[in-house]
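K.L.:
no sequence on this one, just coordinates:
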């Protein structure tokens with residue numbers, strides 16, 4: 001007879017058990033995984049806590065010298081069937097509240113009307129607010145307080161929220177923003193992750209996965225002689241790269257302040273965007289290189305860290321003298337300027353405009369998403385040279401973005417100097433939904449001749 005485990009333990013006895021094959025086969029089919037979980041093997045000795053089984057009669061199991069004997073006793077029928085096997089064989093101390101997964105509420109919960117409920121278990125907190133940078137703040141406009149129920153769960157519902165991509169976090173008792181512990185989807189950043197979610201629309205957005213051929217994301221580690229440290233960069237190769245022999249044009253795609261080399265993949269979904277555009281025949285196949293745009297990893301670097309100006313200069317040197325040779329050695333990329341582009345968001349936009357302008361012999365395409373360049377340098381630039389060298393100079397910024405004035409000023413300057421360029425003003429602000437769309441508009445203009 002098989003004895004499923006009880007949910008609660010009413011009777012317990014700690015004994016040293018030798019499990020025979022008969023015990024494995026006739027007592028509990030799930031005991032083998034328990035032995036493996038406990039670090040043992042068949043017929044091994046281990047300490048177990050024997051508990052009362054749930055039966056339809058009045059049965060108890062005892063274990064003595066490796067034999068199982070059924071004895072008639074009166075016990076209450078308790079619990080539920082189907083407990084995990086480790087619970088049968090070993091019962092540790094009760095988990096503290098902060099480790100108990102039973103306390104993890106569903107969050108965020110996206111409802112059919114596109115309203116969204118956020119929840120956080122924090123029974124001892126006195127103040128919790130929903131916030132973003134800007135993320136969800138672009139919709140809610142200001143941080144929203146959550147309310148606590150009698151179980152210690154804080155919650156707030158907002159919306160309906162327009163379809164799209166949002167980041168958010170919580171500030172507890174006036175502290176720094178933290179991610180939602182219920183949500184495994186994160187934007188990784190230098191000063192810690194923030195949570196993200198997608199509100200689906202009637203049609204899939206350009207950054208949402210579709211059943212199309214997929215490219216490959218690589219992570220390359222290298223030792224930087226310029227900076228005296230180990231660094232890495234991400235690389236996207238298009239579908240078919242691994243099985244082919246052709247060489248591809250290359251786009252260097254830079255992240256923003258506080259972000260990391262993984263940001264364009266993990267958060268921006270650049271690989272998904274390019275997969276979708278390729279499947280639709282809107283872009284040329286290309287290799288995309290995403291390096292790290294800061295010098296230190298820490299948000300609070302040591303006092304001897306370089307000043308921002310030196311930081312920018314060193315990043316340019318690193319890209320050109322360390323990363324570019326590494327890419328051109330390891331990957332099948334075309335190495336002439338007609339097949340090399342650069343673009344970035346926010347801080348990466350400023351870096352792209354600066355690096356592109358300083359190196360017109362290396363780049364034919366420059367894109368800046370939500371960030372302006374050094375106006376003084378562009379004022380001095382020769383319009384005829386810019387028009388001859390740059391096949392595409394692309395600017396984009398949201399009208400609600402604090403950077404809009406500066407980007408619009410760059411657009412006005414280029415227009416005044418009669419420098420050919422594209423200016424794409426859009427709604428919303430300084431956030432991923434804009435940057436993802438900008439990439440989807442910039443990439444189709446690259447490498448067309």
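P.N.:
On my side now, so go ahead. Just so it is clear, the structure is predicted and the values come from calculations on it, not from any experiment. Numbers count the residues shown, from 1 in each chain.

K.L.:
would you mind giving the domain segments of the chain?
P.N.:
For the chain, the domain assignment from automatic domain parsing gives the residue ranges 12-92, 103-199, 216-445.

K.L.:
for beta bridges, what are the partners of residue 224?
P.N.:
For residue 224, the beta-bridge assignment (DSSP bridges) gives partners residue 229.

K.L.:
which residues touch it?
P.N.:
Residue 224 is in contact with 230, 231, 318, 322, counting by C-beta atoms under 8 Å, 6 or more residues apart in numbering. Yep, even glycine has a C-beta here, placed from its N, CA and C like the rest.

K.L.:
could you find the closest non-adjacent residue to the second one?
P.N.:
Just to be clear, that refers to residue 231. residue 224 (5.0 Å; C-beta to C-beta, 6 or more residues apart in numbering).

K.L.:
before we move on, back to that, which member of the contacts of residue 224 is positioned nearest residue 427?
P.N.:
Of all those, residue 427 sits closest to residue 318, with 35.0 Å by C-beta to C-beta.

K.L.:
what residues does the one helix or strand the closest one maps to touch?
P.N.:
Using DSSP states H and E, residue 318 sits within helix 308-318. Residues outside helix 308-318 that contact it (C-beta under 8 Å, 6+ apart) are 224, 226-227, 231, 291, 293-295, 306, 350-351, 354-355, 358.

K.L.:
just after it, pick out the following helix or strand.
P.N.:
Using DSSP H and E, the helix or strand that follows helix 308-318 in sequence is helix 324-330.

K.L.:
which residues touch the residue lying closest to residue 286 once chain neighbours are set aside?
P.N.:
Using C-beta to C-beta, 6+ apart and skipping the chain neighbours, the partner closest in space to residue 286 is residue 249 (4.9 Å). Residues in contact with residue 249 (C-beta under 8 Å, 6+ apart) are 284, 286, 287, 333, 334, 339, 340, 341, 446, 447.

K.L.:
could you single out the nearest of those to residue 254?
P.N.:
Nearest to residue 254 out of the contacts of residue 249 is residue 341 (C-beta to C-beta; 11.4 Å).

K.L.:
can you give me the pLDDT of that closest one?
P.N.:
pLDDT recorded at residue 341 is 98.

K.L.:
that one: what secondary structure?
P.N.:
Three-state call for residue 341 (DSSP: H, G, I helix; E, B strand; the rest coil): strand.

K.L.:
try residue 351
P.N.:
The assignment at residue 351 comes out as helix when based on three-state DSSP.

K.L.:
residue 200 and residue 111: what is the separation?
P.N.:
Per C-beta to C-beta, to the nearest Å, residue 200 is found 12 Å from residue 111.

K.L.:
quick one on the thing from earlier: gap between the helix holding residue 318 and the chain center?
P.N.:
Mean-position distance between helix 308-318 and its chain equals 26 Å (C-alpha atoms, centre = their mean, to the nearest Å).

K.L.:
neighbours around the closest residue to residue 216 other than its chain neighbours, how many?
P.N.:
Spatial nearest neighbour of residue 216, excluding adjacent residues (C-beta to C-beta, 6+ apart): residue 237 at 5.0 Å. Neighbour count for residue 237, taken as other C-beta atoms under 10 Å: 21.

K.L.:
now do the contacts for residue 237.
P.N.:
Contacts for residue 237 (C-beta under 8 Å, 6+ apart) come out as 215, 216, 218, 248, 287, 331.

K.L.:
on that earlier part again, in strands, which of the contacts of residue 249 fall?
P.N.:
Of the contacts of residue 249, the ones assigned to strands by DSSP state E are 287, 340, 341.

K.L.:
greatest separation within the contacts of residue 237: which pair is it?
P.N.:
Pairwise distances across the contacts of residue 237 (C-beta to C-beta) peak at 13.4 Å, for the pair 218 and 248.

K.L.:
of the contacts of helix 308-318, grab the buried ones for PyMOL.
P.N.:
Selection of buried members from those for PyMOL, criterion 16 or more other C-beta atoms under 10 Å:
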select buried, resi 224+227+231+291+293+294+295+350+351+354+355
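
K.L.:
on that earlier part again, out of the ones in strands among the contacts of residue 249, who has the most neighbours?
P.N.:
The ones in strands among the contacts of residue 249, ranked by neighbours (other C-beta under 10 Å): first place residue 341, 28 neighbours.

K.L.:
for residue 373, see how far away that one is.
P.N.:
16 Å.

K.L.:
and what of residue 170?
P.N.:
Counting by C-beta to C-beta, the separation of residue 170 from residue 373 is 36 Å.

K.L.:
for the stretch 201-350 of the chain, give me the ranges with low pLDDT.
P.N.:
Low-confidence segments of the stretch 201-350 of the chain, defined by pLDDT under 70: 296-310.

K.L.:
repeat that for 50
P.N.:
307-309 (pLDDT under 50).

K.L.:
where's residue 418, which helix or strand?
P.N.:
Residue 418 belongs to no helix or strand when assigned by DSSP H and E.

K.L.:
now do residue 354
P.N.:
Per DSSP H and E: helix 347-358 holds residue 354.

K.L.:
just residue 156 next, same as before
P.N.:
strand 153-158.

K.L.:
number of nearby residues for residue 144?
P.N.:
Residues within reach of residue 144, counting by other C-beta under 10 Å, total 17.

K.L.:
how about residue 388?
P.N.:
As a burial measure, residue 388 scores 10 neighbours (other C-beta under 10 Å).

K.L.:
before we move on, the earlier item: now, of the contacts of residue 224, which are buried?
P.N.:
Listed as buried from the contacts of residue 224 are 231, 318, 322; burial here means 16+ other C-beta under 10 Å.

K.L.:
make TSV from those residues and add distance to residue 408 to it.
P.N.:
Listed next are the buried ones among the contacts of residue 224 as TSV, based on distance: C-beta to C-beta, whole Å:
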residue	distance to residue 408
231	35
318	31
322	35
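
K.L.:
which one among those residues gets closest to residue 434?
P.N.:
Nearest to residue 434 among these, with distances taken as C-beta to C-beta, is residue 318, at 27.1 Å.

K.L.:
what about the closest one, distance to residue 288?
P.N.:
In terms of C-beta to C-beta, residue 318 sits 18 Å off from residue 288.

K.L.:
same check on residue 243?
P.N.:
Taking C-beta to C-beta as the measure, residue 243 falls 19 Å from residue 288.

K.L.:
residue 295 now?
P.N.:
23 Å.

K.L.:
and the helix or strand just after the strand holding residue 156, what does it pack against?
P.N.:
Sequence order places strand 164-172 as the next helix or strand after strand 153-158, per DSSP H and E. Applying 3 or more C-beta pairs under 8 Å, 6 or more residues apart in numbering; DSSP states H and E, one finds that strand 164-172 contacts strand 116-121, strand 128-131, strand 194-199, helix 432-442.

K.L.:
by mean pLDDT, show me the worst of the ones you listed.
P.N.:
Per-segment mean pLDDT for the helices and strands packed on strand 164-172 reaches its minimum on strand 194-199, at a mean of 90.
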